[in-house]
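A.B. asks: Attaching a predicted model along with its sequence, questions to come.
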Amino acid sequence: MSALDHPLIDRFLDALWLEKGLSEHTRAAYRSDLALFNGWLGERGLELPDAGREIILDHLAWRLAQGYKARSTARLLSGMRGFYRYLLRERLIAQDPTLQIDLPQLGKPLPKSLSEADVEALLAAPAIDEALGLRDRTMLEVLYACGLRVTELVSLTLEQVNLRQGVLRVFGKGSKERLVPLGEEAIVWIERYLRDGRGALLGGRPSEVLFPSSRGEQMTRQTFWHRIKLHARVAGILKPISPHTLRHAFATHLLNHGADLRVVQLLLGHSDLSTTQIYTHVARARLQELHARHHPRG
């Protein structure tokens with residue numbers, strides 16, 4: 001039996017036609033999508049009813065790596081939702097694995113990013129001979145090294161930093177916790193800042209905040225955004241930037257250097273690959289460039 005002729009897919013499509021009267025074109029598209037998924041599962045020794053949330057996310061990661069567009073993935077998820085709701089209704093599965101998987105956001109443009117040269121210029125912009133500049137340089141280094149949201153950065157406490165293990169314990173959206181590696185460069189700057197800058201900013205006042213404001217309090221994201229714009233002007237960066245510019249540069253540059261999409265998803269703290277997929281054209285562009293450069297027919 002081919003993947004295209006799976007009896008569960010047939011039963012689902014028949015029920016879909018009876019209940020919703022969907023066109024032959026839509027049903028054919030659903031059949032094709034589900035058959036591809038079934039074939040992918042079969043290569044891993046699994047059946048359609050066996051697929052849990054993680055398996056479906058792995059399949060979406062595979063599709064992204066294969067270059068499938070967001071619109072076709074949205075259609076696949078729409079068909080999957082209907083299919084697994086049908087299996088649940090027929091008591092063939094105990095729970096719907098698609099419930100907590102978001103549809104891809106269609107038409108969402110890739111955030112503006114910086115080149116690696118731009119990032120180097122931005123990182124070098126703060127005047128590190130003063131406490132405020134040393135703090136800003138360290139914040140920029142951590143932001144770029146870890147891909148944090150600005151809110152996550154300004155709310156970091158000393159307790160969340162483990163320099164011995166080289167990681168940050170970050171609390172993201174919905175208070176979800178993740179561990180993010182710092183990298184050697186960021187560790188060096190944090191150590192220097194803790195030694196030479198933080199105490200001067202606090203002026204003897206107690207605080208658990210890693211990067212306090214000049215008044216010794218937790219900095220607002222708006223204040224740090226103002227500081228980023230200031231340093232961008234000093235660095236001569238003319239392209240539009242946003243509070244998340246370095247976060248986007250982090251993701252883009254990781255992909256440019258061959259990182260896996262699922263790894264980038266985990267580091268960014270995205271709950272689903274459907275959010276991370278806005279960066280996938282970067283990976284495709286990189287593959288096309290490598291092909292053109294190294295393939296004899298490129």
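C.D. replies: It's in.
A.B. asks: Go ahead and report the secondary structure state at the closest residue to Arg81 other than its chain neighbours.
C.D. replies: With sequence-adjacent residues excluded and distances taken as Cβ to Cβ, 6 or more residues apart in numbering, Arg81 is closest to Thr98, at 4.7 Å. C-beta: built from backbone N, CA, C; applies to glycine. Going by DSSP: H, G, I helix; E, B strand; the rest coil, the secondary structure assigned to Thr98 is coil.
A.B. asks: so what's Thr98 up against?
C.D. replies: Under the criterion of Cβ atoms under 8 Å, 6 or more residues apart in numbering, the contact partners of Thr98 comprise Arg53, Ile56, Leu77, Met80, Arg81, Tyr84.
A.B. asks: let's see 6 Å
C.D. replies: If a contact means Cβ atoms under 6 Å, 6 or more residues apart in numbering, then Thr98 has Met80, Arg81, Tyr84 as its contacts.
A.B. asks: Looking at these, which is nearest Phe171?
C.D. replies: When these are ranked by distance to Phe171 (Cβ to Cβ), Arg81 comes first, at 30.5 Å.
A.B. asks: Helix or strand next in line after the helix or strand that contains the closest one, which one?
C.D. replies: Here Arg81 is covered by helix 70-89, with elements defined by DSSP states H and E. Scanning forward in sequence from helix 70-89, with DSSP H and E defining helices and strands, the next element found is helix 116-123.
A.B. asks: buried residues in that next one?
C.D. replies: Neighbour-count burial for helix 116-123 flags Asp118, Val119, Ala121, Leu122, Leu123 (criterion: 16 or more other Cβ atoms under 10 Å).
A.B. asks: There's contact between the fourth one and Ala235 in this structure, I believe.
C.D. replies: Yes. Under the contact definition of Cβ atoms under 6 Å, Leu122 touches Ala235, with a separation of 4.8 Å.
A.B. asks: quick revisit: buried among the contacts of Thr98? Make that a PyMOL selection.
C.D. replies: Selection command for PyMOL covering only the buried members of the contacts of Thr98, criterion 16+ other Cβ under 10 Å:
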select buried, resi 80+81+84
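A.B. asks: For the contacts of Thr98, give me CSV that also has distance to Arg27 and pLDDT.
C.D. replies: Converted to CSV, those look like this (distance: Cβ to Cβ, whole Å; pLDDT from 0 to 100):
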residue, distance to Arg27, pLDDT
Met80, 14, 88
Arg81, 15, 89
Tyr84, 17, 91
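A.B. asks: for the contacts of Thr98, which one is nearest Arg192?
C.D. replies: Checking the contacts of Thr98 one by one against Arg192 (Cβ to Cβ), the nearest turns out to be Met80, at 50.3 Å.
A.B. asks: Got the phi and psi for the nearest residue to that closest one once chain neighbours are set aside?
C.D. replies: In space, Met80 comes closest to Thr98 once its chain neighbours are excluded; the distance is 5.3 Å by Cβ to Cβ, 6+ apart. Listed backbone geometry of Thr98 is phi -90, psi 0, with angles given as degrees, to the nearest 10.
A.B. asks: Distance of Thr98 relative to Leu77?
C.D. replies: According to Cβ to Cβ, to the nearest Å, Thr98 stands 7 Å off from Leu77.
A.B. asks: Which elements pack onto the strand or helix carrying Leu201?
C.D. replies: The secondary structure element spanning Leu201 is helix 198-202 (assigned by DSSP H and E). Where contact means 3 or more Cβ pairs under 6 Å, 6 or more residues apart in numbering; DSSP states H and E, helix 198-202 is not packed against any helix or strand.
A.B. asks: what is the rounded mean pLDDT of the helix or strand following it?
C.D. replies: Remark: after helix 198-202, the chain's next helix or strand is helix 221-235, criterion DSSP H and E. pLDDT averaged over helix 221-235 equals 89, rounded to a whole number.
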